[in-house]
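A.B. asks: Give the three-dimensional model of this entry:
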Amino acid sequence: MANAGQIQTTGPGFGESKPMTDEPEKVETILPARASALVVTAAGEFKFVMANGPTDAQMQPNVLLLSAVMLRSRAPEWVAEMMAWLEAQDISM
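C.D. replies: Have a look, this model is predicted:
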């Protein structure tokens, strides 16, 4: 949830937070309703935020993919393989 002194709004894609403070570490974001996310904390840890839904509902393939990435990220050799693959791509970040 938001810290005191923040106004939270939702926008396209992931939500956004407009801080009313000079302390950027206290700024948080909001996910849109029924959205799931794999988040990396400031400490470098993964946190999985899953949307609430009916317990008998089938999970969306992209939510399952996020789950797989989170679980596989615990294996250092897989992380190294993915980092090497990413570095070999011709993309700029």
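
A.B. asks: contact partners of stretch 79-93?
C.D. replies: By C-beta atoms under 8 Å, 6 or more residues apart in numbering, the residues outside stretch 79-93 that reach it are Arg72, Ser73. Placement of C-beta: from N, CA and C, glycine included.

A.B. asks: Lowest-scoring secondary structure element of the protein by mean pLDDT?
C.D. replies: strand 6-9 (a mean of 34; mean pLDDT, DSSP states H and E).

A.B. asks: Going along the chain, name the helices of this protein.
C.D. replies: For the chain, the helices defined by DSSP state H cover 61-72, 76-88.

A.B. asks: Phi, psi for Met59 please.
C.D. replies: phi -70, psi 140 (degrees, to the nearest 10).

A.B. asks: Any stretches of this protein with poor pLDDT?
C.D. replies: 1-29, 93 (pLDDT under 70).

A.B. asks: Swap in 90 and give it another go.
C.D. replies: 1-36, 40-42, 44-60, 90-93 (pLDDT under 90).

A.B. asks: ok, back up a step: comparing the helices of the chain, which comes out most buried?
C.D. replies: helix 61-72 (a mean of 13; mean count of other C-beta atoms under 10 Å).

A.B. asks: quick one, that helix and helix 76-88 angle?
C.D. replies: 120 degrees (axes from the mean of the first three to the mean of the last three C-alpha atoms, to 10 degrees).

A.B. asks: elements contacting helix 61-72?
C.D. replies: strand 37-40, strand 46-49 (3 or more C-beta pairs under 8 Å, 6 or more residues apart in numbering; DSSP states H and E).

A.B. asks: Which strands and helices lie in contact with the first one?
C.D. replies: Judged by 3+ C-beta pairs under 8 Å, 6+ apart, strand 37-40 is in contact with strand 46-49, helix 61-72.

A.B. asks: can you put these in CSV and add distance to Glu87?
C.D. replies: Below are the helices and strands packed on strand 37-40 laid out as CSV (distance: least, C-beta to C-beta, whole Å):
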stretch, distance to Glu87
strand 46-49, 20
helix 61-72, 17
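
A.B. asks: on that earlier part again, reformat the helices of the chain as JSON lines; add distance to Gly53.
C.D. replies: Converted to JSON lines, those look like this (distance: least, C-beta to C-beta, whole Å):
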{"stretch": "helix 61-72", "distance to Gly53": "10"}
{"stretch": "helix 76-88", "distance to Gly53": "28"}
